[in-house]
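**Student:** give the three-dimensional model of this entry:
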Amino acid sequence: MLVGNWLPRIPVLAFNPLYSIAGVLVGLLVGMTGVGGGSLMTPLLVLAFGFHPATAVGTDLLYASATKTVGAGVHGLHGTIDWKVVRRLAYGSVPATILTLLFLSSAQEHAKNSGGVITVTLGIALVVTAVATFFRSRLVPFMAPKFERLGEARIGYVTIALGAVLGLLVSLTSVGAGALGMTALLMLYPHQAVNKLVGSDIAHAVPLTLLAGLGHWMLGSVNGSLLVSLLAGSIPGIILGSLLATRTSDKVLVPILAATLAVVGLKMLF
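**Tutor:** Numbering: from 1, shown residues only. Presented below is the predicted three-dimensional model:
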């Protein structure tokens, strides 16, 4: 069980520079496109490096919590976080994350194929992320007026439900807090400044990924040396990608990224 078996069991591998190179490449794409690193890093660790899905997800979650903490700090200093939105998301995501971790603990204890559950869910999440990434510019204007008719109170409940969905997805796959969460927030809060929604999404992702990552750590599905290697590569990659973002057209990057996510997602499923 998760409770009572709290000592971490961390499989450690020798340092491999390829992991840092992967961190640089993913950080570069994240900086250039804004798509969450989990959508790129987790399938890369599973398909290219052969990590067990649970290890890939658990390590990526702690990796994400570290990188997003920096981003949330910057947004906090600039006042671009709507804490009401963050609280609403957390009301749904924290309980959902805890329940998902308990499910994974039970599946592991009873020797069920938790890796198979993670792989299928990850494949679905990647395909949905690809759709959200490619069609965001059409989905948001189409759906925003429909949500606007709900009123403030109902929007609050929908935001809590969104948080619950993100908690489930992120805990199982490490995917969802970026592209999916941001697309949904743009639909729910069309009159809010985009930079505040971005800041709120990142701020909510910090406790979400940290809680989920610590849960995976307790389950033994975090690789310490891999985590350090990824951080060493991704931080300069994100900085470089952010600098290149202003020189690269979204019309080129977004379709390529969406197609890549869709192909990888289908590969995970089939």
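**Student:** the host helix or strand of residue 70: which residues count as buried?
**Tutor:** When secondary structure is defined by DSSP states H and E, residue 70 falls within helix 53-77. Neighbour-count burial for helix 53-77, counted by 16 or more other CB atoms under 10 Å, picks out 53-69, 71-72, 75. Just so you know, the C-beta spots here come from the backbone N, C-alpha and C atoms, and that holds for glycine as well.
**Student:** and it, what does it pack against?
**Tutor:** With contacts defined as 3 or more CB pairs under 8 Å, 6 or more residues apart in numbering; DSSP states H and E, helix 53-77 has these neighbours: helix 38-47, helix 114-148, helix 152-173, helix 194-218, helix 224-245.
**Student:** of those helices, which is nearest residue 19?
**Tutor:** Of all the helices and strands packed on helix 53-77, helix 224-245 sits nearest to residue 19, with 3.7 Å by CB to CB.
**Student:** packing partners for that closest one?
**Tutor:** helix 17-33, helix 53-77.
**Student:** from the chain's centroid, how far away is that helix?
**Tutor:** Mean-position distance between helix 224-245 and its chain equals 16 Å (CA atoms, centre = their mean, to the nearest Å).
**Student:** got a list of what the residue nearest to residue 40 when sequence neighbours are not counted touches?
**Tutor:** Setting aside the residues directly before and after it, residue 40 is nearest to residue 26 in space (CB to CB, 6 or more residues apart in numbering), at 4.7 Å. Residues in contact with residue 26 (CB atoms under 8 Å, 6 or more residues apart in numbering) are 37, 40-41, 44, 230, 234, 237.
**Student:** thought residue 261 was touching residue 133?
**Tutor:** Yes - applying CB atoms under 8 Å as the test, residue 261 and residue 133 come out as touching, 6.6 Å apart.
**Student:** how many residues are close by the closest residue to residue 173 other than its chain neighbours?
**Tutor:** Using CB to CB, 6+ apart and skipping the chain neighbours, the partner closest in space to residue 173 is residue 122 (4.2 Å). The local packing of residue 122 (other CB atoms under 10 Å) involves 27 other residues.
**Student:** you'd agree residue 122 is up against residue 44?
**Tutor:** No - here residue 122 does not reach residue 44: they are 11.7 Å apart, not a contact under CB under 8 Å.
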